[in-house]
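S.K.: Fold the stuff below for me.
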Amino acid sequence: MNDTDLRNVLADPAQSGAYFVAEGDSAAMAEAGEALDYHVYHIDLAGCPDKVELMERLAAAMRLPTWFGGTWDALADVLGDLSWQPAVGYLLLIEHANDLRDASPEDFDTLLEILNEAAFRWAEDDRPFWAILPMPAEALPDDEDE
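M.R.: Coordinates of the predicted model:
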């Protein structure tokens with residue numbers, strides 16, 4: 001996919017959501033988000049063992065408000081609002097998410113659910129919200145598995 005095609009996809013709120021991509025696609029995704037004037041958040045989950053650490057890393061990387069409580073409900077609330085960081089769109093680049101998935105599959109699944117819910121909520125307002133999770137090639141589903 002070329003840069004223009006990628007920007008066109010990212011500009012469509014109806015396609016927003018949480019998506020797995022190959023690790024090598026991270027830079028192109030971030031560049032496309034920046035070209036669209038999105039808030040691009042770089043969140044590194046290398047070695048992240050659980051929900052507590054996940055919340056701390058999200059809070060730091062996204063500069064979440066001081067009232068953020070570190071619970072799943074609080075995360076859903078801040079991702080569904082973001083009025084404190086207005087933008088034409090949002091792109092969360094969640095690097096090394098596979099570490100959390102391996103260490104705490106339930107937390108990982110809950111995170112994906114909340115990210116997708118936030119994307120659907122923002123799509124209702126015609127605003128793109130993307131969570132991009134680069135994964136090693138061996139961790140990505142095969143086309144035959146889909």
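S.K.: And residue 98, what's its pLDDT?
M.R.: Residue-level confidence at residue 98 comes out at 94, pLDDT.
S.K.: ok, now which ones touch it?
M.R.: Contacts for residue 98 (CB atoms under 8 Å, 6 or more residues apart in numbering) come out as 135, 136, 139. All C-beta spots, glycine's among them, are computed from the backbone N, C-alpha and C.
S.K.: List buried residues within those.
M.R.: residue 135 (16 or more other CB atoms under 10 Å).
S.K.: Now render the contacts of residue 98 as TSV, adding pLDDT, distance to residue 5 and secondary structure.
M.R.: As requested, those are exported to TSV (pLDDT from 0 to 100; distance: CB to CB, whole Å; DSSP: H, G, I helix; E, B strand; the rest coil):
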residue	pLDDT	distance to residue 5	secondary structure
135	91	21	strand
136	86	24	coil
139	77	24	helix
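S.K.: between the contacts of residue 98, which is closest to residue 45?
M.R.: Closest approach between the contacts of residue 98 and residue 45, by CB to CB: residue 135, at 11.3 Å.
S.K.: isn't that closest one right up against residue 20?
M.R.: Yes. Here residue 135 reaches residue 20: they are 5.2 Å apart, a contact under CB atoms under 8 Å.
S.K.: pretty sure residue 88 belongs to a helix, no?
M.R.: No. Read with DSSP: H, G, I helix; E, B strand; the rest coil, residue 88 is coil and lies in no helix.
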